[in-house]
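Q: Provided below are the primary sequence and the corresponding predicted coordinates.
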Amino acid sequence: MSCMNCSDSKMIVLEHVYQVYPMKDGPVHALQDVNVTIEKGDFVVIQGQSGSGKTTLLHILGLLKNPSEGTVRYEGQDCKGWDETTCAKYRNQTIGFVMQQDALIPYLTLEENIRVPQMIAGKIKEESIGKLLRFTQIEKQKNHLPNECSGGQRQRAVLARALVNTPQILLCDEPTASLDSANANRMVQLLRGLHRIGITIVLVTHDKRYAKAGNRLWYVHHGRVTECDIGSDIP
Amino acid sequence: MRYWLGHTVAYIRYRIRPIRLGIAAVVISYVCVMMVHQIVTGIHQQISASMLDMGLDHVWISATYAPEWEYLKEHAGYFRISASESWEYKDDIYTVVKSEYPEVMTDSGRMIRETDSTYGLPVCVIGQKVNQNVFQNQGLHKTINVNGTVYEVVGICSPQAGSLLEDPDYTVYVPGLFVYGQPVTIEIGGREELRLQAYAGLWNLDCQMISQKELMDTMDGLMKTIENGLVIVSLVSVVIGLVAMMQCILYEWESRKKEIGIRKTMGQSQMQLMKQFFFEISAFLMGALGIGNLVCMVLLAIGNRMCSWLGPFDFVFGIVLGLGTYGIGILMGMCAVYGISRLDAVECMR
């Protein structure tokens, strides 16, 4: 799946990407002429107001949605011709998703939830699951169902699940939205730790406290993406 | 595989309450079908056995206009002709009774002879119970009046085994004649206290006849038609049960859209989703069929204490019905699953 001849460090490239949703009262332009590049090892924080197109951008980055127009390149490969199975396989092996609250399967224990991506890949590695349980500090709760755990524990389980197949990139959609301040900070600290060991991270958040969590900051407004300086104030 | 099955077990354990109605519907329809089959088959076999006990050399007459049978016609819904080995004779008229016919032994006195029939002698042989009830065991050489004719009792039959449809001990045998090579036995139907079975001449045969074999074939056909009808009704019932179950599962799946979205996000392909749901549907169906079979066996064990003719659990029919139910269930379930597994991950997670 990875590009053998790819010598550059570009992980994902979006060129002239548009996303239009046809609605009853006219089309909604969720993304307009987006041209962005994510390098390997980047920690990109995406901010913007509600309905600005942040999540749509994340879905396109995560191969969950095909753009209405434009090109998406993963490690130099154009994803346009990829079928559902290829996208699914790529997502499973290369991308880790950290979604908002309640992104766990309710009838599986935390450990079983974490194991799901490995089951999909057909490769179960118990030792990696153990390490992740320790890393996210939910070892004691591993046999608990999600509704028996706190919000912070659940969200850390989601993170552990996203990491279980050792992805190259982690896409996080408001992972701190439903957490209290302490747990939110803990989550961001975990993401920083992962960034330090070389995982590419894209964090969508509207919490301005975490604007400087990464090394790059994008601001999405009316479907247009602007790269901001880390030190600058977000509009 | 172990982990997928683990997911199925975990799901069933977690959500058994909402889907139990669907499982109950399948169990009830399956049990109804099995029990109706057992009852119909039991009745069929019982009637067949009774008719076979009577022997295949019988012919049933629906009506006759011979004058001497007017009395019998008034009292009988049907007459019966018993054929003997003389059946093969195709010439005009033969003496009805031979010494070896019918296969009845006499306790005292003698059996009806050829000459009795040839000359129309007013003699008769009576069954054990006729002797007991009418003559207080003193019937030999007494007389009995049948339709104005006085017959002398020349023999008392040995006790004979009866069947569902006849009791030979309540029988009076009188001489009769062959009709078209057939010896005739006439029985008054519907009279419980005394059945009259007479060998007599039907000089002008004016009746419809059906042999025991034909009657059994007709009955078999009728029972098969009933069974086929029941199978159709049963299938409809099973399908309704499955629809109820699928509705429950579909309702569940609607509430599991988010899970489907999560799984797709993690890279679970449509095929893998279908595989997972296949395991779930299989587990539901197998569970329901297992419970259904268990219930049937218990009901049959209880039922056989009261009606032994219900017979043992019909495994062949059970397997066929089980496979049919499973097949239809899988087909219906997978059709629904196919639509659900195609849902967009993003839409599912909304």
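A: That came in fine, so what should we check first? Numbers count the residues shown, from 1 in each chain, chains lettered A, B, ... in the order given.
Q: Burial check on A:Ser181, number of neighbours?
A: 10 (other CB atoms under 10 Å in any protein chain shown). The way it works is simple: take the backbone N, C-alpha and C, and place the C-beta from them, glycine included.
Q: Tell me how far A:Asn143 lies from B:Lys275.
A: Relative to B:Lys275, A:Asn143 is positioned 26 Å away (CB to CB, to the nearest Å).
Q: which one of these two has more residues nearby?
A: B:Lys275 (16 against 10).
Q: That one sits in which helix or strand?
A: Using DSSP states H and E, B:Lys275 maps to helix B:270-306.
Q: which parts of that helix are buried?
A: For helix B:270-306, burial by neighbour count (16 or more other CB atoms under 10 Å in any protein chain shown) applies to B:270, B:272-282, B:284-285, B:287-289, B:291-293, B:295-296, B:299-300, B:303-304.
Q: now do stretch A:18-30
A: A:19, A:29-30.
Q: longest helix anywhere in chain A?
A: helix A:181-196 (DSSP state H).
Q: Residue numbers of chain B in contact with chain A?
A: B:3-4, B:6-7, B:10-11, B:13-15, B:258-259, B:262-272, B:344-346, B:349 (CB under 8 Å from any CB of the partner chain).
Q: gap between A:Leu203 and B:Ile19?
A: 39 Å.
Q: More neighbours: which of those two?
A: Higher neighbour count among A:Leu203 and B:Ile19: A:Leu203, with 28 against 19, using other CB under 10 Å.
Q: What helix or strand is that one located in?
A: For A:Leu203, the host element (DSSP H and E) is strand A:200-204.
Q: Please save the CA atoms from that strand in PDB.
A: Provided in PDB are the C-alpha atoms of strand A:200-204 (Å, rounded to 0.1, in the frame of the first residue of the first chain):
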ATOM      1  CA  THR A 200       1.700  12.100  12.400                       C
ATOM      2  CA  ILE A 201      -1.300  13.600  14.200                       C
ATOM      3  CA  VAL A 202      -4.200  15.700  13.000                       C
ATOM      4  CA  LEU A 203      -6.300  17.100  15.800                       C
ATOM      5  CA  VAL A 204      -9.600  18.800  15.200                       C
END
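Q: Would you mind getting the angle between it and helix A:181-196?
A: Orientation of strand A:200-204 against helix A:181-196 (axes from the mean of the first three to the mean of the last three CA atoms, to 10 degrees) gives an angle of 150 degrees.
Q: Give me the sheet partners of strand A:200-204 and which way each runs.
A: strand A:43-48 (parallel), strand A:169-173 (parallel) (DSSP bridges).
Q: Put together JSON lines for the ones you listed, with mean pLDDT on each row.
A: What follows is these, written out as JSON lines (pLDDT from 0 to 100):
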{"stretch": "strand A:43-48", "mean pLDDT": "91"}
{"stretch": "strand A:169-173", "mean pLDDT": "90"}
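Q: okay, those strands in a markdown table with mean neighbour count next?
A: What follows is those, written out as a markdown table (neighbours: other CB atoms under 10 Å in any protein chain shown):
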| stretch | mean neighbour count |
| --- | --- |
| strand A:43-48 | 24 |
| strand A:169-173 | 24 |
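Q: all strands of the stretch 151-300 of chain B, in order?
A: Counting by DSSP state E, counting those that start in this stretch, the stretch 151-300 of chain B has these strands, from start to end: B:171-173, B:186-187, B:195-198, B:209-211.
Q: Check the ones you listed for me: which has the lowest mean pLDDT.
A: The minimum mean pLDDT among the strands of the stretch 151-300 of chain B belongs to strand B:195-198 (a mean of 37).
Q: How much space separates whichever residue of chain B sits closest to chain A from B:Arg113?
A: Nearest residue of chain B to chain A (CB to the nearest CB) works out as B:Gly267 at 2.4 Å. To B:Arg113, B:Gly267 is 97 Å away according to CB to CB.
Q: Mind checking which of the two has more residues around it?
A: Ranked by neighbour count (other CB under 10 Å), B:Gly267 and B:Arg113 place B:Gly267 first, with 24 against 16.
Q: Quick check, that one in contact with A:Ala88.
A: Yes - under the criterion of CB atoms under 8 Å, B:Gly267 is in contact with A:Ala88, at a separation of 4.8 Å.
Q: Please identify which helix or strand holds the nearest residue to B:Tyr173 once chain neighbours are set aside.
A: Excluding the flanking residues, the one nearest B:Tyr173 by CB to CB, 6 or more residues apart in numbering or on different chains is B:Val125, at 4.3 Å. For B:Val125, the host element (DSSP H and E) is strand B:123-126.
Q: likewise A:Gln155?
A: helix A:151-163.
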